[in-house]
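take a look and give me a structure for this.
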Amino acid sequence: MKGPVYAMIEIERARLAGIEELLPLVRGYREFYGQRHDAAAEHAFVQRMLRDETGAIFLARGDGAAVGFVQLFRTYSTVWLGTALILEDLFVDPRARRRGVGAALLRAARAYAREIGAAGMFLETADDNRAAQRLYEREGWQRERVFLKYNAPA
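Residues are numbered from 1 along each chain as shown. Next comes the predicted model:
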């Protein structure tokens, strides 16, 4: 079944007052990555991100309904000698995919990076998430070919 075609996709910075429309998207994002729904923890996390403004969350609307979000965190790069942004989360409601929402969110992220004078942005995605990889590359992101990523438990 095809989803709606949006006359216009609107992007705005998410604010604490609008947390309730963001939470279903956060739930969908976490479920996409195999996490169990935890309404209280999700609410507390998003509330803290919006309140502390340690980064920025942008919300996409298609015909007035919240259909996607992108979350960015500020960090610093010694290599770039400046502020960098980590694109931590990008999610589009499955019913709204392939309608330009993800591209609009990526463009909003880049505009925000320019606005704050960031030297660059980076992200990571699952190796098998080919749809996301195609979107990133269409929007001018380049695959990392120099550095390896490592993880350690806290």
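
return the set of residues that bridge with the most centrally placed residue in the chain.
Centre of the chain computed as the mean C-alpha position; nearest residue by C-alpha atoms, centre = their mean is V70, 2.2 Å away. Taking DSSP bridges as the rule, V70 bridges to F58, L90.

just the pLDDT for it.
Looking at V70, its pLDDT reads 98.

let me see the contact set for it.
By C-beta atoms under 8 Å, 6 or more residues apart in numbering, the contact list for V70 reads 57-58, 60, 87, 89-91, 105-106, 108-109. Every residue, glycine included, has its C-beta placed from N, CA and C.

distance of it from G82?
Going from V70 to G82 by C-beta to C-beta, to the nearest Å gives 21 Å.

how about A104?
For A104, the distance to G82 equals 26 Å [C-beta to C-beta].

what about the two, which has more around it?
The neighbour count for A104 versus G82, taken as other C-beta atoms under 10 Å, is higher for A104 (24 against 12).

three-state assignment of the more buried one?
At A104 the chain is in helix, as set by DSSP: H, G, I helix; E, B strand; the rest coil.

ok, D127 - how many residues close by?
7.

and it, what pLDDT?
90.

ok, and the closest residue to L85 other than its chain neighbours, which helix or strand is that part of?
Once flanking residues are discounted, L85 sits nearest to M121: 4.3 Å by C-beta to C-beta, 6 or more residues apart in numbering. Assigned by DSSP states H and E, M121 falls within strand 120-123.

in CSV, list the C-alpha atoms belonging to that strand.
Taking Å, rounded to 0.1, in the frame of the first residue of the first chain, the C-alpha atoms of strand 120-123 are listed here in CSV:
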residue,chain,number,x,y,z
GLY,A,120,31.6,18.9,9.5
MET,A,121,29.2,16.1,10.4
PHE,A,122,29.4,12.4,10.7
LEU,A,123,27.1,9.4,11.2
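
which residues touch that strand?
For strand 120-123, contacts defined as C-beta under 8 Å, 6+ apart pick out 72, 77, 80, 84-88, 90, 109-110, 113, 136, 141, 144.

with stretch 93-110 instead?
Residues contacting stretch 93-110 (C-beta under 8 Å, 6+ apart): 3-6, 9, 11, 25, 28, 58, 60, 62, 66-70, 72, 85, 87, 90, 92, 121, 131-132, 135-136, 138-139, 141.
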